[in-house]
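Visitor: Fold the stuff below for me.
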Amino acid sequence: MNRNLVRKQRGTGFIEVLIALAILGIVAVVFLGGLGTSLKTVFISDESSTALALAQSQMEYVKSKKPYSTTAWSYTITTSTRNSSNPPDGWWDPGNNEPPLLSNDYDGYCAEVKAEDFDVDGDGSNDEGIRKITIAVYHNENCTGDIVFTLEDYKVER
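Guide: From the prediction side, this is the model:
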């Protein structure tokens, strides 16, 4: 009687192979989903760190410029263009590469830099000597769409 049971269980059955393949397929789908999520996370992290570096470099550039501008101003800058409808007083000079174009490390990015009056005490009058600097970084050459990173700081006349 044991010989009959042993003979019937020789080899692997078709249904067992299908079940093993189904389990393997489920594991593969879960693995590929996790891999896709990881790649997206790496892209977002790279984009954010690039935007942060760009914003910090523009902030340091603006804070280092003299003379101190007492009017509101703004400009946009990419690797190939710089534009301003209201340029900063005293140091806006595209002929002398002021402000300098972005390096090729920031290809595909655009920075929008703004300076505006800042009312420290909230009395409605602008406090002389303090400017709020805002830098918005976009991941396109037109400075449109979603902002990747925004950096705000203050410049004080000294």
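Visitor: the strands in the chain, which residues?
Guide: Assigned by DSSP state E, the strands in the chain fall at 73-77, 82-86, 110-117, 130-138, 147-156.
Visitor: The second one versus strand 73-77: what angle between them?
Guide: On the basis of axes from the mean of the first three to the mean of the last three CA atoms, to 10 degrees, strand 82-86 is oriented at 160 degrees to strand 73-77.
Visitor: Show the average pLDDT along strand 82-86.
Guide: Per-region confidence: strand 82-86 scores 89 on mean pLDDT.
Visitor: what about the residue lying closest to residue 98 once chain neighbours are set aside, distance to residue 61?
Guide: Spatial nearest neighbour of residue 98, excluding adjacent residues (CB to CB, 6 or more residues apart in numbering): residue 91 at 5.7 Å. Glycine gets a C-beta too; all of them are placed from N, C-alpha and C. Computed as CB to CB, to the nearest Å, the residue 91 to residue 61 distance reads 10 Å.
Visitor: How about residue 27?
Guide: Using CB to CB, residue 27 is found at 51 Å from residue 61.
Visitor: Neighbour count: those two, which is higher?
Guide: Neighbours per residue (other CB atoms under 10 Å) separate residue 27 from residue 61, with residue 61 holding more: 17 against 10.
Visitor: The more buried one against residue 97, yeah?
Guide: No - using CB atoms under 8 Å, residue 61 is not in contact with residue 97; the gap is 11.7 Å.
Visitor: Where does pLDDT dip in this protein?
Guide: Residue ranges of the chain with pLDDT under 70: 1-11, 126-128, 158.
Visitor: Helices of that one, start to end?
Guide: Assigned by DSSP state H, the helices in the chain fall at 2-8, 14-64.
Visitor: Format those as CSV; extra columns: distance to residue 137.
Guide: Shown next, in CSV, are these (distance: least, CB to CB, whole Å):
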stretch, distance to residue 137
helix 2-8, 71
helix 14-64, 4
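Visitor: Look up which residues are beta-bridged to the residue lying closest to residue 62 once chain neighbours are set aside.
Guide: Once flanking residues are discounted, residue 62 sits nearest to residue 133: 5.6 Å by CB to CB, 6+ apart. According to DSSP bridges, the partner residues bridging residue 133 are residue 115, residue 153.
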